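> got a sequence here, can you build the structure:
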Amino acid sequence: SDVSVAYGGRPILAGVDWLVGPGDRIGLLGANGTGKSTLLRVLDGAVAPDTGRVRVGSTVRTAFLSQELGELPLTARVLEAVEEVARRVVLGKREISAAQLAEEFGFTDRRLWTVVGDLSGGERRRLQLLRLLAAEPNVLLLDEPTNDLDTDTLAALEDLLDSWPGSLV
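Numbers count the residues shown, from 1 in each chain. Now for the predicted structure:
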């Protein structure tokens, strides 16, 4: 992407040519309030820049993990929330059901039928990421992906992302 972005009257990136290639891993670092979340939203197309442009390749399928959990269907059960996105998912070289994918994210048989609104913050975060991966993107834009995760879940997330073939920002 060619990126030259201002939002809310302040430059986020100015005059930067930025090419994100297949499998790239990119970390955004900066103090609170410097525009990292806004930049991710601009890259995802959810927010239009005040100035500048973002060009995205025709084969790019982004998925944005926000800091908020507002996109989760709180009255649905965990399995229903996953199947709302996809009933079957290609994960690596294998095709698995939504229930099998949920199990890989720590949602056992009993937890599959839990109402999303009754999940802990860490479980909601795992479900949020699970739903993103079920959409089979090739670019993940992750905004504070470790919020609310315990150390075991954090380790599982790191393992998953290490083996995920797409690009990460």
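> just want the most central residue of the chain.
L65 (3.1 Å; CA atoms, centre = their mean).
> list phi and psi for it.
Dihedral angles of L65 (phi, psi; degrees, to the nearest 10) stand at phi -100, psi 110.
> repeat for I96
With angles defined as degrees, to the nearest 10, I96 sits at phi -130, psi 160.
> ok, and the closest non-adjacent residue to it?
Closest residue in space to I96, ignoring its immediate chain neighbours: V89 at 5.9 Å, by CB to CB, 6 or more residues apart in numbering. Quick note: C-beta positions are derived from backbone N, CA and C, even for glycine.
> and the helices in this structure?
For the chain, the helices defined by DSSP state H occupy 36-44, 78-83, 98-104, 121-134, 151-163.
> so which of those is nearest L29?
Set against L29 and scored by CB to CB, the helices of the chain come closest in helix 36-44, at 7.9 Å.
> where does the protein dip in pLDDT?
Within the chain, the ranges that satisfy pLDDT under 70 run 1-17, 92.
> neighbours around A155, how many?
A155 sits with 11 neighbouring residues when counted by other CB atoms under 10 Å.
> equivalent analysis for R61, please.
Neighbours of R61 under the rule other CB under 10 Å: 11.
> who touches the residue nearest to the centre of the chain in this structure?
Taking CB atoms under 8 Å, 6 or more residues apart in numbering, we find L65 in contact with Q128, L129, L132, L140, L141, L142, D143, P145.
> quick one: residues contacting the first one.
Which is Q128. L65, L69, E71, L72 are the contacts of Q128 under CB under 8 Å, 6+ apart.
> which of those residues has the most neighbours?
Using other CB under 10 Å as the neighbour criterion, L65 leads the contacts of Q128 with 20 neighbours.
> could you find the closest non-adjacent residue to G30?
Of all residues not flanking G30 in the chain, K36 sits nearest, at 5.4 Å (CB to CB, 6+ apart).
> I figured the one you found hits I26, correct?
No. Counting by CB atoms under 8 Å, K36 sits too far from I26 to count as a contact (11.6 Å).
> so which of the two has more stuff around it?
Taking other CB under 10 Å, K36 and I26 do not tie; K36 has more neighbours (17 against 10).
> how close does the more buried one get to R87?
34 Å (CB to CB, to the nearest Å).
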